[in-house]
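Participant: Attaching a predicted model along with its sequence, questions to come.
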Amino acid sequence: MTHTPPSPAPADDPNLWLEDVTGDDALAWVREHNDKTVAEFADTIEFEQLETAIRSILDTDARIPYSRRRGKYLYNFWRDAEHVRGLWRRTTMDEYRSATTEWEILVDVDELAEREGENWVWSGAQVLRPEQDLALISLSRGGADAVVVREFDLTTRTFDDSATGFRVEEAKTDIGWIDSENVYIGTDFGDGSLTDSGYPRLAKRWRRGTPLTEAVTVFEGEQSDVAISAWHDSTPGFERSFVERAVDFYTAERFQLLDDDSLVRIDTPEDARISVYREWLLIRPRSPWTVGDTTYPAGALLAAGYDDYLAGSRELTTLFQPDEHTSLEQYSWTRNHLLMVTLSDVRSTVYVVTPGENGWETRPLDGLPELTSTEIIDTDPRESDDFFLNSSGYLTPATLFSGTVGGPLEALKSAPEFFDTSGLAVVQHFAESADGTRIPYFVVRREGAPAGPTLLYGYGGFENSLTPAYSGINGISWLQRGGTYVVANIRGGGEYGPAWHTQAVRDGRHKVHEDFAAVARDLVARGITTPAQLGAQGGSNGGLLMGIVLTKYPELFGAIVCQVPLLDMKRYHLLLAGASWMAEYGDPDNSDDWAFISEYSPYQNTSADASYPPILIATSTRDDRVHPGHARKMTARLELEGHPVHYYENIEGGHGGAADNAQAAFKSALTYTFLWDQLTR
């Protein structure tokens, strides 16, 4: 029996009732569709075997326990088969080096959830430094972005639920320590305290033992802003507080907050990324910036003396200069040095940059494996020049390196191989997009294999780069079965710096799907696959991309997986955090913006007369970032028009789509089973 709307719906959107996230009728519709999808794809021995194999990878103790070093302790959050919701724990560096590390268990989330009768999902912790005796722990119900914040005593390993303990009820809260007696906080203080995007509009200073209602406002933003935040840097000798007003997703005003709560503007470009460390100010402009007679390109990294800059000096040193092929991907301070990761045609190199009396010195960090992608996992700039780096590739399991600037690298821990890579190879190709731009993409496949089932993954938004990384799940679910895996480094990402992204926002959005389509065509032209054997996958902003390729390029694909997607771009800014992304997509209520948004908005561009490939649309009820109504309504519309659409909604999981390893294993098994079934017919 097919569930129908409970009452007459607007003619222009008869599926509006499906936006009622937890409404009885909407959830009945969800369960009906879940049951149908499970029966079709997940009710076989083969599915159970794949799900079990994926779960074993997610749960294995052989994984690297990535940690954050804070003084003498390394903190880690860990899930496995016995601890489904996870453990927050810590150890020392000497113990961490041991093959049988002894961990001090701080919070057992499974035990806590059972004892309190709550569906707790871990959302992070902030440890008070340097004492490391108190923490602010964030717990989510079902994996949502909204959290409950509770103070935790690291000595007694208990929550302080007394009247003097810091506690904030469920909200999208921004909170951080000033000292043991005070925090900066932005949260839902009541009417008018949130922005249109649903994030804090007020930043306050809250003293222990006083009601939250008595917290002192230190900054107030506009309703149309994305968010306001305040934080404290307690680096000895450089103690400072800061406020940031995020005007939109990419522009912000920043201030130093003085002891008397007055503000000093940090006069940098509003679209720049900045950071203050000890005596240094780092500036990374997202658009060309002219200072005096010098124009600095977008994506450069510039350094200035912080106090001198506030006093009016504009003496800037270029630490990184981008070029046509190379961009700055990541940077992080140690105590005396700056680590930088650059990408050259999506291949990473790590540099050490050191300030000195004679200027700044830059040298490559030696000892890292070739043909892998490297990222900075952690540094602890208050304490030392120690760092953790992680390197992996599509066919190379991760290795965690530990080092101290100036010393040798130590391969501290390595992940196991989860699948047989013999005969597999990684090749980088370039496709030509509609405007002539060369689009890089990586192909992982068996050497000399004929055209066969191929999965093309893409994202293309928010300056997020897709770099090579090992995935045991992809290996056993796809590559080992004979499939080809492809990652497209399309515009909208950050692979070639800010300009790779900014040319594809708002009215340039068409470049994202044109790039993706160009890669799809190039795969066929090279004989790697055929349209009937080519699948596509993307989530969130990548889910929007999947909706676009479904409606604009259906002839290029044999199946599509669309996860936690934006799809109704007429209403996206009215749903949950959608208003925060108008700098990326535009404002649908502005007729000029709607003119270009309407050209691609998937929900408004379906056609009963078109022939679409089968699509699996998946989301989460507890996703309070991208509204599940996008996925629900698109499914309902495609069904009404007679297209082959399958739907699954996890009742938990937040924007990540899964609240624990069991749910993650099911979600992955469903994705790969659907794709293999459709592309090998």
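Facilitator: Now that the structure is in, tell me what you want to look at. Numbering: from 1, shown residues only.

Participant: since we're on residue 125, how many residues are nearby?
Facilitator: Neighbour count for residue 125, taken as other C-beta atoms under 10 Å: 20. (Each C-beta comes from the backbone N, C-alpha and C, glycine too.)

Participant: quick one: it and residue 132 touch, right?
Facilitator: No: contact criterion C-beta atoms under 8 Å: residue 125 and residue 132 do not qualify, at 11.4 Å.

Participant: Where do the helices of the protein begin and end?
Facilitator: Using DSSP state H, the helices of the chain run over residues 24-41, 45-59, 93-97, 109-116, 306-310, 472-474, 498-502, 510-525, 541-552, 582-585, 591-597, 629-640, 661-679.

Participant: Which secondary structure elements does the worst-scoring helix or strand of the chain on mean pLDDT sit against?
Facilitator: One helix or strand of the chain scores below all others by mean pLDDT, DSSP states H and E: strand 68-70, with a mean of 90. Counting contacts by 3 or more C-beta pairs under 8 Å, 6 or more residues apart in numbering; DSSP states H and E, strand 68-70 is packed against strand 73-78.

Participant: Give me the mean pLDDT for the strand it packs on.
Facilitator: The pLDDT scores in strand 73-78 average 96.

Participant: ok, and for stretch 310-318, which residues are buried?
Facilitator: Buried positions in stretch 310-318, judged by neighbour count with 16 or more other C-beta atoms under 10 Å: residue 316.

Participant: which residues does the residue nearest the centre of the chain contact?
Facilitator: For the chain, the residue sitting closest to the mean C-alpha position, by C-alpha atoms, centre = their mean, is residue 464 at 8.1 Å. Neighbour list for residue 464: 493-494 [criterion: C-beta atoms under 8 Å, 6 or more residues apart in numbering].

Participant: and with 10 Å instead?
Facilitator: 492-495, 501, 540-542 (C-beta atoms under 10 Å, 6 or more residues apart in numbering).

Participant: want to throw those into TSV with pLDDT, neighbour count and distance to residue 568?
Facilitator: Below are these laid out as TSV (pLDDT from 0 to 100; neighbours: other C-beta atoms under 10 Å; distance: C-beta to C-beta, whole Å):
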residue	pLDDT	neighbour count	distance to residue 568
492	97	29	20
493	96	25	24
494	95	23	27
495	96	22	29
501	96	27	23
540	96	21	14
541	97	23	14
542	98	27	16
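
Participant: and of those residues, the nearest to residue 155?
Facilitator: residue 540 (39.7 Å; C-beta to C-beta).

Participant: Confirm for me that the closest one is in contact with residue 564.
Facilitator: Yes: using C-beta atoms under 10 Å, residue 540 is in contact with residue 564, at 5.3 Å.

Participant: what bits of this protein have low per-residue confidence?
Facilitator: Within the chain, the segments meeting pLDDT under 70 span 1-11, 652-659.

Participant: who's the closest residue in space to residue 73 that isn't next to it in sequence bridged to?
Facilitator: Of all residues not flanking residue 73 in the chain, residue 90 sits nearest, at 4.5 Å (C-beta to C-beta, 6 or more residues apart in numbering). Beta-bridge pairing for residue 90 (DSSP bridges): residue 75, residue 104.

Participant: sorry, back to before: farthest pair in the contacts of residue 464?
Facilitator: Top of the distance list for the contacts of residue 464 (C-beta to C-beta): 495 and 540, 17.7 Å.

Participant: if we can go back for a sec, from the chain's centre, how far out does the least confident helix or strand of the chain sit?
Facilitator: Distance of strand 68-70 from its chain centroid, counting by C-alpha atoms, centre = their mean, to the nearest Å, is 21 Å.

Participant: Give the partner strands of it in its sheet and their orientations.
Facilitator: strand 73-78 (antiparallel).

Participant: tilt between the partner strand and helix 109-116?
Facilitator: Orientation of strand 73-78 against helix 109-116 (axes from the mean of the first three to the mean of the last three C-alpha atoms, to 10 degrees) gives an angle of 70 degrees.

Participant: how about the CA coordinates for strand 73-78, as CSV?
Facilitator: Output of strand 73-78 as CSV, limited to C-alpha atoms (Å, rounded to 0.1, in the frame of the first residue of the first chain):
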residue,chain,number,x,y,z
TYR,A,73,48.3,13.2,27.0
LEU,A,74,47.1,11.9,23.7
TYR,A,75,43.3,11.8,23.4
ASN,A,76,41.4,9.4,21.1
PHE,A,77,37.7,8.5,20.4
TRP,A,78,37.3,4.8,19.5
